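1. after the sequence you'll find the predicted model.
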Amino acid sequence: MIGVILKDGEPIESALKRFKRECVNAGIQSEIKRREFYEKPSMQKKRKIEAAVRKREKKRILLLKKDKAH
């Protein structure tokens with residue numbers, strides 16, 4: 001559970017800004033977007049596979065760039 005304790009003399013705007021930052025860091029916004037609509041299990045699997053492929057390609061490109069530098 002995320003909470004922000006208001007400091008003495010702190011404006012509400014800055015406390016709200018800290019709260020929003022903690023929400024983003026905790027991944028609450030991305031979780032809300034992900035759960036906004038129902039996703040079939042087959043689509044979840046497909047999305048995870050595609051993400052893994054993107055990650056693998058990115059890693060491969062970085063390794064190739066690193067090898068060319070040496």
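-> Sure thing, it's come through.
2. per-residue confidence for Lys17?
-> Note for Lys17: predicted pLDDT of 95.
3. what about it, neighbour count?
-> Under the neighbour criterion other C-beta atoms under 10 Å, Lys17 is assigned a count of 12. Backbone N, C-alpha and C define where each C-beta goes, glycine included.
4. how is the chain divided into domains?
-> According to automatic domain parsing, the chain comprises the domains 1-37, 39-70.
5. and the longest one, which residues are buried?
-> Of the residues in domain 1-37, those scored as buried under the neighbour-count criterion (16 or more other C-beta atoms under 10 Å) are Val4.
6. helices and strands of this protein: which one bottoms out on pLDDT?
-> Across the helices and strands of the chain, mean pLDDT, DSSP states H and E gives its lowest value to helix 28-34, namely a mean of 89.
7. quick check: next helix or strand after that one?
-> helix 41-69 (DSSP states H and E).
8. and that next one, what does it pack onto?
-> Here helix 41-69 touches no other helix or strand, going by 3 or more C-beta pairs under 8 Å, 6 or more residues apart in numbering; DSSP states H and E.
9. just how off-centre is that helix within its chain?
-> 17 Å (C-alpha atoms, centre = their mean, to the nearest Å).
10. could you give the mean pLDDT of that helix?
-> The average pLDDT within helix 41-69 is 93.
11. please identify the buried residues of it?
-> So helix 41-69, judged by 16+ other C-beta under 10 Å, has zero buried residues.
12. which residues sit against stretch 46-65?
-> Glu39 (C-beta atoms under 8 Å, 6 or more residues apart in numbering).
13. and what of stretch 30-42?
-> Arg47.
14. how distant is that stretch from the center of its chain?
-> Distance, centroid of stretch 30-42 to centroid of chain: 14 Å (C-alpha atoms, centre = their mean).
15. which one is Lys7 nearest to, not counting chain neighbours?
-> Ala15 (7.7 Å; C-beta to C-beta, 6 or more residues apart in numbering).
16. how much space between that neighbour and Arg60?
-> 45 Å (C-beta to C-beta, to the nearest Å).
17. Ile28 against Lys20, yeah?
-> No: using C-beta atoms under 8 Å, Ile28 is not in contact with Lys20, being 9.9 Å away.
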